[in-house]
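Participant: Sharing a sequence plus its predicted fold:
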Amino acid sequence: MLCWAVAVAGFALVVAAVNETLNDDPQIELRLRVQPADGGPALEITSKLTVSRLSVPRPGDRYLVRYDPANPSRLAFAGSASMVDQA
């Protein structure tokens, strides 16, 4: 587990291709709305990520994500929409 990470539910707002790949997987720019677990105001986080070409996020998808409160653009997926529903 990442020592800086805070786990929260994330809702994909915008997914944009950046026309780069890594091992045939696309890099995207993803903007998420996340709701901190402490009840604080929702944040919008934008990050450039490499994702599987078999499961590219779409606007409206929900994820469990971890982010760095000191630098919210440091973002990691922690699970799928089904895990968010269980959280």
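Facilitator: Good, I have the coordinates. Numbering: from 1, shown residues only.

Participant: what number of residues lie near the closest residue in space to residue 37 that isn't next to it in sequence?
Facilitator: In space, and not counting its chain neighbours, residue 37 is closest to residue 8: 5.9 Å by CB to CB, 6 or more residues apart in numbering. In this view, the C-beta of every residue, glycine as well, is placed from N, C-alpha and C. Using other CB atoms under 10 Å as the criterion, residue 8 is surrounded by 25 other residues.

Participant: Report the strands that pair with the longest strand along the chain, each with its relative direction.
Facilitator: Among the elements of type strand in the chain, defined by DSSP state E, the one spanning the most residues is strand 6-22. Using DSSP bridges, strand 6-22 pairs in its sheet with strand 25-35 (antiparallel), strand 62-68 (antiparallel).

Participant: List the buried residues for stretch 62-76?
Facilitator: In terms of neighbour count (16 or more other CB atoms under 10 Å), stretch 62-76 has its buried residues at 62-68, 72, 75.

Participant: what about that stretch, start to end distance?
Facilitator: Start to finish, the residues bounding stretch 62-76 are 13 Å apart (CA to CA, to the nearest Å).

Participant: model confidence over it, on average?
Facilitator: In this model, stretch 62-76 carries a mean pLDDT of 79.

Participant: Redo the strands paired with strand 6-22 as CSV? Include distance to residue 19.
Facilitator: Formatted as CSV, the entries for the strands paired with strand 6-22 read as follows, by distance: least, CB to CB, whole Å:
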stretch, distance to residue 19
strand 25-35, 8
strand 62-68, 23
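
Participant: Read off the pLDDT value for the nearest residue to residue 20 once chain neighbours are set aside.
Facilitator: By the measure of CB to CB, 6+ apart, the closest residue to residue 20 outside its immediate chain neighbours is residue 27, 4.4 Å from it. At residue 27, the pLDDT value in this model is 90.
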